[in-house]
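1. Next come a sequence and a model predicted from it.
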Amino acid sequence: MLLAGGTWLMSDPQPGATGFVDLTTLGWPDLEVTPEGLRIGATCTIARLVAWAGGPEVPPEWSAAELAVDAVHSLLAGPGVWATATVGGNVCRAYAAGALISFAVALDGVAHVWTADGGEVRLPVAQLITGDGTTCLRRGDVLRAVELPAAALRSRARLHRIALAELGRAAAVVTGRVDDDGTAVFGITAATTVPAVLRFPVLPGPEDLAEAVAGAAGYYTDPLGPEDWRRGVSVVLAERARAELAA
Amino acid sequence: MRFTVDGVPTDAEPRPGQCLRTLLREQGRTQVKRGCDSGDCGACTVLLDGEAVRSCLVPAVRVEARTVTTAAGLGPDGGLHPVQEELATGFGFQCGFCTPGMAVTASTLAPDDLPDLDRRMKGNLCRCTGYRPVREAVRAGVLRAAGCPGRAAPGAPSAPGSAAAPGSAVVGGVGTSQVPGPACRLVRGEEPFTSDAPLPSDAARAAEGTLVLRVLGSPHPHARITGLDTSAALEVPGVIAVLTHHDAPARRFSTGRHEHRTDDPDDTRVLDDVVRHVGQRVAAVVAETAAAAEAGCRALRVEYEVLPAVFDPERARQPGAPLLHPDRTPADRVDDASRNVVLSLRQRHGGDVEAALAASDVVVGGTWQTARVIHAQMETHGAVGWLDDGGRLVVRASTQVPFLVRDELAHLFDLPRDRVRVLTARVGGGFGGKQEMLAEDLVALAVLATGRPVAYEFSRTEEFERSAVRHPMRVSVRLGATREGRLTAARLEVLSDAGAYGNHSRGTLFHACADSLSLYRVPVTSVDAQAVYTNTLPSGAFRGYGLGQVVLGLESAMDQLALALDLDPFELRRINAVREGDPLHEDDLVWGSYGLDQCLDLAQAALHRGREAPLDLPAAGDWRIGEGMAVAMLATMAPFGHAAHTTAALRPDGTVLLRAGTVEFGNGTTTVLRQIAASALEVPVARVELQHADTDLVVHDTGAFASAGITVAGKAVHAACLALRGRVRAAVGLGDSADGGGAVELAPEGAVVGGRVVPWSALVPAEGLEATGAELGEVRSLAFNVHAVRVAVDVETGVVRVLQSVQAADAGTVLNPAQCRGQVEGGAAQGYGSALYEEVLVEDGRVLNPAFRTYRVPQFADVPETEVLFASTSDVLGPFGAKSMSESPYNPVAPAVGNAVARALGVRGFEQPFSRDRVWRLARTVPPRR
């Protein structure tokens, strides 16, 4: 089995495992800032990302980088886990409540995958996720990095989340952003089994947004919240993000 | 692999897949605690190169050449880190199991982090304290560590209440906030819990190592085991034995333990050939290592005949429902096995309740449903057993009731009681869940089968599969009243879900119906209650013992009545509550004291003061404000007797040794017992030592449940100390009366009589001067709690914020104000957990959320600070006028919250928890403000 931070693998009995390949020994760079955007190595720890996003190394025009801080705080796991857990691990574990998925989807993140046959592919993180806990990765595929385009990083972006307890595991995360060209993108994660991405040519009005959010596919029920509430509060969170972006 | 632990170079070879926590514990670093295995509780937190990590999530191989710091290595030169000092002296722990991890996380914080403590500390769960004292200690410790002033007087506990206790002149005597003895060891993780202490030197075959026991659970909610092939499991290297129903005693028992074993149904076998809930033990594998035992479990081949199952208690009691225990009879304490009914309770008082309701000016009511709630003690259930060198069975268990476990093991395995010894180390939280024998019976079976030491420690998942939960109850209430608000009639119907076994189902139902309705003067009452088996995780004892569930219905109905009559809810209680001198509902109850009137006044005044505070609400949201309150009453002991036998001995060096049977699991009893002795003997508490929780120490002790620490064990210690004073008097020739004759002082160097010092060496024989004391719990008093809250409810999302939380408690004389405040705060915190968040979800008999990441034990952010106010009363029964105050604070919280939410929204919810999704659905009917 492939081991990144290991915070999920170690947290659950793995009686079928016969061996681990520890990806953290490969020496992948954590964070690479390029003209195209931000490349986050899959083995970059969550602690490293959040420290960077809240620190002085962030290019000043990347106002959306701060969304990483909100996303990481959305995790049920606290700082004691961030030190070990990785960005790639959170994405590949693919839980609907995966906060780094929320972050990547919000900013049109692209997954850079080394395929088992030695090739490589790039696809949107939103498409990598195929269900609550499943991805389209095949056995032997490795997520190498998540790449965030500079245009999205320059956007104004907001993240709102809710859980059944104040800092509990997320039941709904809604992100919204407005790019330089005025287009708006809203992402729904945690509330739906796969990320929902809603695109608008301009920031929509409350009714249009509510209709789009309520109409998204994949709202579901599990111990983190029932389907009807998740749908209802996603509409509310989206409107809160919209109102902030409109201000 | 080489690494450094607390400054000590260490060499250890990690096994494949091993986590750092297990490696450290195997190295004897038992200060690193195991709470959940999944990084959700924080008990195993250590520093790795200075950074706080969950050691259960870190692959052990990664620490090569790195530096690990545990709670025992945080302070300079083997001392305490400032955070640890503050936790230790500021009552920042109760059981102390989470504390080392809490201290490690907090040690990494800087003053800048303090405004964000809720998030910085969210990964460290505490089930006992409600976090207020932890928050204060962390704040003060972090500031001091950064060189800033901490609090004005470091560690000075803020003593609430005004009860001036007799004997407070004694250093550390009753009435003072004496710090628990093991505080400094606990914050370093060095006070051993059940699985931490090494085997004693008299354990037979200890050199061969302790075997590990693991359990295979049933995948079916109801099935007969038709085949069990153990051959492949026995071939797994390291497996020593496989235990099945063929090896288990035929005798049936109940995991629920009481003074009288006949209080509970005999419906359980150690291992049965019928499984009645998912997760029930099918077989146990005993092996040299945990990995071998787990591999052995996987190698077991089991054939099942799947039987029809029933999950809903209403359906379970209908004709034709699948029967769980068809062969049990009333002689086994199962009232009607042909209807799955464990207990059927019918009580009528004062006439025809329907006629009385019909004649009432106003009638209110409804049907409330409560959820399954789990104790979530940070230390899971577990036991270690061995044979001592005399061949006697010894079990060290995480239990609240060592003597009752000893008695039942003797009964099950046909051993004389003196061939079984049960003891505890410090127990990491109980809350009633360890008034069950859930691990000890299997450990005993395995020790007797193998002759070797055996350990069985529940995983967190097992807690959700095969421990016990609070009884879910459906509670229907109808109340009638006059226009002036005087109650005329009350009808109560309760349906309690026992789960698959009847442990505590009878006791909780009796208790729930008795101490609830009898709080009020009602001329006509009617009670119909049943506890019913279903094919689900068993329900059991839990703080408040069934009362919280019925109190939810009654106190919510009282709120409906107040609304219907436009009466203040406090006033409605004043009109109807029992008063001192009223006839009492059970023969062994007396009015030892009465403080409900004060509690109502205190809570109401505090709630009104809170109205002046500015509202601090997020800008987003459509917030509605509501106030709610509720009352609960609890007898100060369990009925039918609760015994404690104790000894107090003066030793030739002038120190005092107490022996008691009762258990310490964060209840604070061991601290208070020493304080009682100090005051009774008028010696500083430092001269008093206590040995406890071992069946070898005293004749008998019913155990630490029903809030008996002070009212039973404390009373027995008090009696022993008074008797000891008498013996000292006799020894110096003053006669043996405890209070007659001239004064004698127990000075460090000897007895002081009339200015003359008689050295202890001249008075006390080598074996000590000993006296005994006993309390049998034949007469009980009543304690009261009033909880009041102000909440804000966001109509848009269902979020409930507690803006103010107050609890007034009638604890009699408060013997240790800081500890007693902690019990009220902790009870309130658990009350908030089950009022707003906690729910074990079951679908077709399967638990859907068997982990802390999906079962919401309140975090730092989830528990409001509760202002605790004590009534000023003194009880005629309790030692120094004290009453019990451990369980009862839980009971009024959920109805107070429910009432506040109902008043905020103008619409009432009938399902607990009042979770965000449920409140949101309720609020859908509320017109938006904008």
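-> Arrived safely.
2. Pretty sure B:His258 sits against B:Gln400.
-> No - between B:His258 and B:Gln400 there is no contact under C-beta atoms under 8 Å: 11.7 Å. C-beta coordinates here come from the backbone N, C-alpha and C atoms, glycine included.
3. can you list the domains in chain A?
-> Using automatic domain parsing, the domain parsing of chain A gives A:2-151, A:154-246.
4. Can you tell me which of the ones you listed is nearest to chain B?
-> domain A:2-151 (2.8 Å; C-beta to the nearest C-beta).
5. ok so, going back, if you average pLDDT over each of the domains of chain A, which is lowest?
-> Looking at those, the lowest mean pLDDT belongs to domain A:2-151 (a mean of 94).
6. so A:Ala157, which of the three states?
-> Look at A:Ala157: counting by DSSP: H, G, I helix; E, B strand; the rest coil, its state is strand.
7. what about it, neighbour count?
-> For A:Ala157, the neighbour count with other C-beta atoms under 10 Å in any protein chain shown is 26.
8. what's the answer for B:Arg251, then?
-> 13.
9. Checking the closest residue to chain A within the stretch 51-200 of chain B next. Helix, strand or coil?
-> Of all residues in the stretch 51-200 of chain B, B:Gly123 sits closest to chain A, at 2.8 Å by C-beta to the nearest C-beta. Classification of B:Gly123 by three-state DSSP places it in coil.
10. I figured it was touching B:Val104, is that so?
-> No - with contact defined as C-beta under 8 Å, B:Gly123 does not count as touching B:Val104 (11.2 Å).
11. What is the helix or strand hosting B:Thr367 packed up against?
-> Per DSSP states H and E, B:Thr367 falls inside strand B:362-369. Here strand B:362-369 touches strand B:473-481, helix B:547-565, going by 3 or more C-beta pairs under 8 Å, 6 or more residues apart in numbering or on different chains; DSSP states H and E.
12. Chain A: which of the ones you listed is closest?
-> Here helix B:547-565 is closest among those (C-beta to the nearest C-beta), at 19.6 Å.
13. Please list all residues in contact with B:Pro249.
-> B:269-270, B:412-414, B:445 (C-beta atoms under 8 Å, 6 or more residues apart in numbering or on different chains).
14. run the last query once more with 7 Å
-> Listed by C-beta atoms under 7 Å, 6 or more residues apart in numbering or on different chains, the contact set of B:Pro249 reads B:270, B:412-413.
15. Give me the buried positions along the longest helix along chain A.
-> Looking across chain A with DSSP state H, the single longest helix is helix A:227-246. Across helix A:227-246, burial judged by 16 or more other C-beta atoms under 10 Å in any protein chain shown covers A:229-242, A:245.
16. what does stretch B:920-929 give?
-> Buried, per 16+ other C-beta under 10 Å, within stretch B:920-929: B:920-923.
17. Look at whatever residue of the stretch 601-750 of chain B ends up closest to chain A and give its secondary structure.
-> Closest approach of the stretch 601-750 of chain B to chain A (C-beta to the nearest C-beta) occurs at B:Ala620, with a separation of 4.9 Å. Per three-state DSSP, the local secondary structure of B:Ala620 is coil.
18. Counting neighbours, what do you get for A:Ser63?
-> 15.
19. which residue ranges form the helices in chain A?
-> A:46-53, A:67-74, A:79-82, A:87-93, A:99-106, A:125-128, A:150-153, A:206-214, A:227-246.
20. where along the stretch 751-900 of chain B do the strands fall?
-> Using DSSP state E, counting those that start in this stretch, the strands of the stretch 751-900 of chain B run over residues B:756-759, B:769-775, B:782-794, B:800-810, B:842-843, B:846-847, B:866-870.
21. and of the domains of chain A, who's closest to B:Cys98?
-> Proximity to B:Cys98 (C-beta to C-beta) singles out domain A:2-151 among the domains of chain A, at 12.8 Å.
22. near chain B at all, the closest one?
-> Yes - Domain A:2-151 comes into contact with chain B (C-beta under 7 Å from any C-beta of the partner chain), by way of A:3, A:6-7, A:10-12, A:14-15, A:17, A:73, A:76-81, A:83-84.
23. picking up where we left off before, more crowded one of B:Gly123 and B:Val104?
-> B:Val104 (32 against 26).
24. still on that earlier bit, what sits closest to the residue of the stretch 51-200 of chain B closest to chain A if chain neighbours are left out?
-> A:Gly78 (2.8 Å; C-beta to C-beta, 6 or more residues apart in numbering or on different chains).
25. Ok, B:Val334 next?
-> B:Arg328 (3.9 Å).
26. Hmm, the one you found is touching B:Asp336, no?
-> No - the criterion here is C-beta atoms under 7 Å, and B:Arg328 misses it with B:Asp336 at 9.6 Å.
27. Of those two, which one has the most company?
-> B:Arg328 (22 against 16).
28. for the more buried one, what are its contacts?
-> B:265, B:267, B:334, B:337.
29. can you check B:Leu841 too?
-> Applying C-beta under 7 Å, 6+ apart, the residues near B:Leu841 are A:223, B:847-849.
30. how about it, phi and psi?
-> Dihedral pair for B:Leu841: phi -90, psi 130, per degrees, to the nearest 10.
31. ok, which residues in the stretch 651-800 of chain B are in contact with chain A?
-> B:796-798.
32. Output those in TSV; the columns should cover neighbour count and pLDDT.
-> TSV is the format used below for those (neighbours: other C-beta atoms under 10 Å in any protein chain shown; pLDDT from 0 to 100):
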residue	neighbour count	pLDDT
B:Glu796	21	97
B:Thr797	23	98
B:Gly798	26	98
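33. Which of these sits closest to B:Gly279?
-> For these, the nearest to B:Gly279 is B:Gly798 (31.6 Å; C-beta to C-beta).
34. pretty sure the closest one contacts B:Val919?
-> Yes - using C-beta under 7 Å, B:Gly798 is in contact with B:Val919, at 3.8 Å.
35. neighbours of residue 43, just the number please.
-> Reading this off chain A. A:Thr43: 25 neighbours (other C-beta under 10 Å).
36. switch to chain B, that's the one I care about
-> 28.
37. try B:Pro237
-> For B:Pro237, the count of nearby residues is 11 (other C-beta under 10 Å).
38. what sits against it?
-> Taking C-beta under 7 Å, 6+ apart, one finds B:Ala292 in contact with B:Pro237.
39. so when I look at it, I'm seeing a helix, right?
-> No - read with three-state DSSP, B:Pro237 is coil and lies in no helix.
40. which one of the contacts of B:Pro249 is nearest B:Val524?
-> Using C-beta to C-beta, the contacts of B:Pro249 come closest to B:Val524 at B:Leu412, 45.8 Å.
41. Got the confidence number for that closest one?
-> The model's pLDDT for B:Leu412 equals 98.
42. List the contacts of it.
-> B:249, B:251, B:253, B:270, B:441.
43. Show only the entries of those found in helices.
-> Here DSSP H is the test, and those give B:Asp441 as lying in helices.
44. Tell me the one of the contacts of B:Leu412 nearest B:Glu778?
-> After measuring the contacts of B:Leu412 against B:Glu778 - C-beta to C-beta - the closest member comes out as B:Phe253, at 26.5 Å.
45. thinking again about what came up before, now, the contacts of B:Pro249 that are in strands?
-> Using DSSP state E, no member of those falls in strands.
46. closest to B:Leu552 among those?
-> B:Leu552 lies nearest to B:Val270 out of the contacts of B:Pro249, by C-beta to C-beta, at 35.5 Å.
47. The closest one reaches B:Asp247, doesn't it?
-> No - taking contacts as C-beta under 7 Å, B:Val270 lies outside contact range of B:Asp247: 8.6 Å.
48. With neighbour numbers in mind, choose between these two.
-> B:Val270 (22 against 16).
49. And that one, how far from B:Leu307?
-> Counting by C-beta to C-beta, to the nearest Å, the separation of B:Val270 from B:Leu307 is 21 Å.
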